[in-house]
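Novice: Make a model of this:
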Amino acid sequence: MLFIEFVSICFSFLYFSCLTLCNRPAVNQELSNLFNELWRLDVNRMTPVTDYTIFVQGRAGFVNQGSNVVQDHASQPLFSNVNENKLKNITTVSRFMKLLDNYERSIGMSERVTTEELTEINLFLDAVLETDVMKRAHKYLVSKGQSSSNLALFKSQLHLIWFKLYHRQRNTGLDSSGFEHVFVGETKSGTEIIGFHNWIQFYLQEKSTHLDYKGYKARERDIPDQDDHVLNLQFSWHGTVKPVGSAFIGTSPEFEMALFTIVFLMNTERSTTVLVNIDQCQMELVVIRHGRSLGTAYPKLLSSNNRHVRQYSH
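Specialist: So this is what the prediction gives:
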C-alpha cells in the first residue's frame, strides 16, 4: 500500500513538473545569443550606481486603465541621480534627447514635421548607424535577407519602421509614429497613457515634475534591485495614470532600437512576443505592427538576477 502511495506521489510530482515545463514558452536561443552580443557591444549603456541611481521603493497597487485614482507607493522619484554630463556627451543620446520635444502628446492631433525636426531625425539615425550595436544588428538582418547591405537603404528602412507618421486614431490626420509611441509616450482621450517605454524620457519628465513614479510592479517575491536593467512600473504623467508600464533602464537608444527592429523584421504577425534571456534577466519582447511601421514595442520583465535560472534548476 505504501509503495502504491509512493508511486502515486512520484507520478503526481512528475506530471505537474512536466505541466509547468510544457506550458512555459521556449526561450528563443538564437535571439538571446544575438541580444547578449548587442548587450556587450552597447558601450553607451549607463552603469547603475556609477552613472545613475534608482530608488524602487514600494510595490504599486492595482489601478484600472483610464482611472486616475491611484495610491502612491513611492514618495521619492525613481531616479535619485543621473550623470547628465555623460548623457549629453554620448552622441546618440544627445541627438535622441533633441527628438523628445518634437511631438504632440495627445493622439488625434496631427503631427507636423518641420525641416529642423527632419534634420534632427536624420542626424540621430546617422549616429545610431555608426554604433557597433546597430552595425551588428544590420549584419544579422542582411544575413537573414531582411535588410539590404546598402547602408542608405537600411537607414530608409529604419526611418519607415520608426519615424513614418501614420493614423493611430481614425478620422484624424497623421498623429503618431513608432518612435513617438515607444520612446516619447502618448495620451488617449486625456485619460490613458499609451506607449512611453523609455528610461531617459522617464527621467527627464520626472525631473521636470510632469511625471510621478508610483512604485514597481512585480510578483510577490520578485523585488527589483537598483541594478535591474528592465523594470515594470506604475506612474502618472500630466495627471494621467499608466497602471503598468515597462522599460529598459540604462540602455542606449540604439540598443533598444536594434532589438525591436530585429523582432519586427524577423516576424510577420501583427503581434509578436519573443522570450529571451539578456544578461541576468528573462523577459518577453513584445512588438505590434502598424502596417510596415512599428505600432508599439516593449520589454516585459519576467525575472532578474538569474532568478529564472535558480527557479528552473530546483
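
Novice: Pull out the buried positions in stretch 93-113.
Specialist: Within stretch 93-113, the residues that qualify as buried by neighbour count (16 or more other C-beta atoms under 10 Å) are 93, 95-100, 102-105, 107-108, 111. Any C-beta I mention is one placed from the backbone N, CA and C, and that applies to glycine too.

Novice: now the helices for the stretch 201-314 of the chain?
Specialist: Ranges of helices within the stretch 201-314 of the chain are 253-265, 307-313, based on DSSP state H, counting those that start in this stretch.

Novice: weakest of those helices by average pLDDT?
Specialist: Among the helices of the stretch 201-314 of the chain, helix 307-313 carries the lowest mean pLDDT, a mean of 51.

Novice: what's the closest non-adjacent residue to the residue positioned nearest the centre of the chain?
Specialist: Taking C-alpha atoms, centre = their mean, the centroid of the chain lies closest to residue 298, which sits 3.5 Å from it. Of all residues not flanking residue 298 in the chain, residue 197 sits nearest, at 4.3 Å (C-beta to C-beta, 6 or more residues apart in numbering).

Novice: how about the strands in the stretch 201-314 of the chain?
Specialist: Using DSSP state E, counting those that start in this stretch, the strands found in the stretch 201-314 of the chain span residues 211-216, 230-237, 240-248, 271-278, 281-290, 293-303.

Novice: Which of those strands sits closest to residue 190?
Specialist: Nearest to residue 190 among the strands of the stretch 201-314 of the chain is strand 240-248; the distance by C-beta to C-beta comes to 6.9 Å.

Novice: chain center to the closest one, what's the gap?
Specialist: 11 Å (C-alpha atoms, centre = their mean, to the nearest Å).

Novice: Which neighbouring elements make contact with it?
Specialist: With contacts taken as 3 or more C-beta pairs under 8 Å, 6 or more residues apart in numbering; DSSP states H and E, strand 240-248 sits against strand 192-194, helix 199-207, strand 230-237, strand 293-303.

Novice: Residue 83: neighbouring residues, count only.
Specialist: Residue neighbour count, defined by other C-beta atoms under 10 Å, stands at 14 for residue 83.

Novice: Just give the closest residue to it, not the sequence neighbours.
Specialist: residue 51 (4.6 Å).

Novice: do residue 251 as well
Specialist: Spatial nearest neighbour of residue 251, excluding adjacent residues (C-beta to C-beta, 6+ apart): residue 45 at 5.4 Å.

Novice: Tell me if I'm right that that neighbour and residue 256 touch.
Specialist: No. The criterion here is C-beta atoms under 8 Å, and residue 45 misses it with residue 256 at 10.5 Å.

Novice: Show me where the chain dips below the pLDDT cut-off.
Specialist: Low-confidence regions of the chain, defined here as pLDDT under 70, cover residues 1-24, 305-314.

Novice: Please identify the helix or strand for residue 88.
Specialist: Assigned by DSSP states H and E, residue 88 belongs to helix 84-89.

Novice: Could you list the residues in contact with the helix or strand following that helix?
Specialist: Once the chain leaves helix 84-89, the next helix or strand it forms, by DSSP H and E, is helix 91-99. By C-beta atoms under 8 Å, 6 or more residues apart in numbering, the residues outside helix 91-99 that reach it are 44, 87-88, 117, 120-121, 123-124, 127-128, 130-131, 179, 183-184, 200, 204, 252-254.

Novice: and those, which are buried?
Specialist: 44, 87, 117, 120-121, 124, 127-128, 131, 179, 183-184, 200, 204, 252-254.

Novice: Would you double-check that residue 62 falls in a strand?
Specialist: No. Using DSSP: H, G, I helix; E, B strand; the rest coil, the assignment for residue 62 is coil, not a strand.

Novice: what's the closest non-adjacent residue to residue 47?
Specialist: When the adjacent residues along the chain are set aside, residue 47 lies closest to residue 250, with 7.1 Å between them (C-beta to C-beta, 6+ apart).

Novice: give me the number of residues near that neighbour?
Specialist: Residues near residue 250, counting by other C-beta under 10 Å, number 21.

Novice: contacting residues for it?
Specialist: Residue 250 neighbours (C-beta under 8 Å, 6+ apart): 45-48, 51-52, 199, 229.

Novice: Quick check: residue 108 touching residue 172?
Specialist: Yes. Between residue 108 and residue 172 a contact is recorded at 4.8 Å, counting by C-beta under 8 Å.
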